[in-house]
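Colleague: curious how this folds, go ahead:
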Amino acid sequence: MKKFFLVLGMLFIATSSISFAGLQPTAQVDNSAGASQLPPYSGPKARIAVADFDVKAAKATGEIGTGLREMLVTALMNSSRFRVLERQVLNAVMQEQQLAASGAAAPGGGAQRGQLKTADIIITAAVTEFEPKASGGAAGLGGGGRVGGGILGAVLGGSLNKAHMALDLRIIDTSTSEVLAATRVQGQATDMAGGLFAGLLNSVGLGAGLSMYANTPMEKAIRVCIIEAVNYIAQTVPANYFKY
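Modeller: Purely as a prediction, here's the structure:
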């Protein structure tokens, strides 16, 4: 029995460096080389707003679109390149200003009129693909099906799940309504059942309506898609918009 586990451990070490490469989450940005990680930044920022996501994928819902938007807003903030203006709570802000101006609130504090900032750029996005489980089958450490048989095959092999999603992004100048750039961002991930790669790409929390995909290939596909969307936006917005 000791020899069996010794052989099993040696086999795992020998194959792991090449076997898992095909299971890592990947992203694709049309018409752009993309970047896995943005370099540190401490310069001027651009004022940006993110519109509600247009959900077109059959397996996505409005709640999923809201969650994806929340993740994009957070990721844009974390990039240190943007001042993100939240227009979804504009009515609440206006009500606070009206209350302060009405005389009913205590003097000397509260929201002041004429202080709202405007965005120079607005990001629109459509969820065009959302497939939590694109396909399934057998997978093994060799990358070409199950390895071995019996106990060895059961330990090294597993159920293969795939997931992917796609966003159609537009970068729009709010003054002229001109579309400055547009692209399609895709994320996909392959995983073995049991959450072997759980915990990857956890810099941004899952948005509302997406918790059901935690520790699944869909979570990884979502995360790499959002990360690449931020990379594309940061690299594509013209330099003259970074002035705040």
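Colleague: and residue 164, helix, strand or coil?
Modeller: strand (DSSP: H, G, I helix; E, B strand; the rest coil).
Colleague: wait, doesn't it sit right on residue 188?
Modeller: Yes - with contact defined as Cβ atoms under 8 Å, residue 164 reaches residue 188; the gap is 3.7 Å. C-beta: built from backbone N, CA, C; applies to glycine.
Colleague: residues that sit against both of these two, list them.
Modeller: Jointly contacting residue 164 and residue 188 under the rule Cβ atoms under 8 Å, 6 or more residues apart in numbering are 134, 221.
Colleague: all helices for the protein, in order.
Modeller: 2-19, 62-78, 90-102, 150-156, 217-236 (DSSP state H).
Colleague: run through the neighbouring helices and strands of the last one.
Modeller: Using 3 or more Cβ pairs under 8 Å, 6 or more residues apart in numbering; DSSP states H and E as the contact criterion, the elements in contact with helix 217-236 are strand 26-29, helix 62-78, strand 158-173, strand 179-192.
Colleague: what lines up beside the last one in the sheet?
Modeller: It stands for strand 179-192. Strand 179-192 sits in its sheet next to strand 26-29 (antiparallel), strand 158-173 (antiparallel), going by DSSP bridges.
Colleague: quick check: residue 234 vs residue 228, distance?
Modeller: In this view, residue 234 and residue 228 are 11 Å apart by Cβ to Cβ, to the nearest Å.
Colleague: between the two, who's got more neighbours?
Modeller: residue 228 (24 against 20; other Cβ atoms under 10 Å).
Colleague: the more buried one touches residue 185, doesn't it?
Modeller: Yes - under the criterion of Cβ under 8 Å, residue 228 makes contact with residue 185 at 5.2 Å.
Colleague: show me where pLDDT drops low in this structure?
Modeller: Scanning the chain for pLDDT under 70 picks out 1-36, 87-116, 135-159, 192-204.
Colleague: what would the strands paired with strand 179-192 look like in TSV with distance to residue 81 and mean neighbour count?
Modeller: Formatted as TSV, the strands paired with strand 179-192 follow (distance: least, Cβ to Cβ, whole Å; neighbours: other Cβ atoms under 10 Å):
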stretch	distance to residue 81	mean neighbour count
strand 26-29	17	19
strand 158-173	13	20
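Colleague: so for residue 42, which of those strands sits nearest?
Modeller: Taking Cβ to Cβ, strand 158-173 is the member of these nearest to residue 42, at 22.7 Å.
Colleague: sorry, back to before: and the helices and strands packed on helix 217-236 as CSV, adding distance to residue 47?
Modeller: Converted to CSV, those look like this (distance: least, Cβ to Cβ, whole Å):
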stretch, distance to residue 47
strand 26-29, 23
helix 62-78, 11
strand 158-173, 12
strand 179-192, 14
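Colleague: among these, which is nearest residue 209?
Modeller: By Cβ to Cβ (comparing all of the helices and strands packed on helix 217-236), the closest turns out to be helix 62-78, at 3.4 Å.
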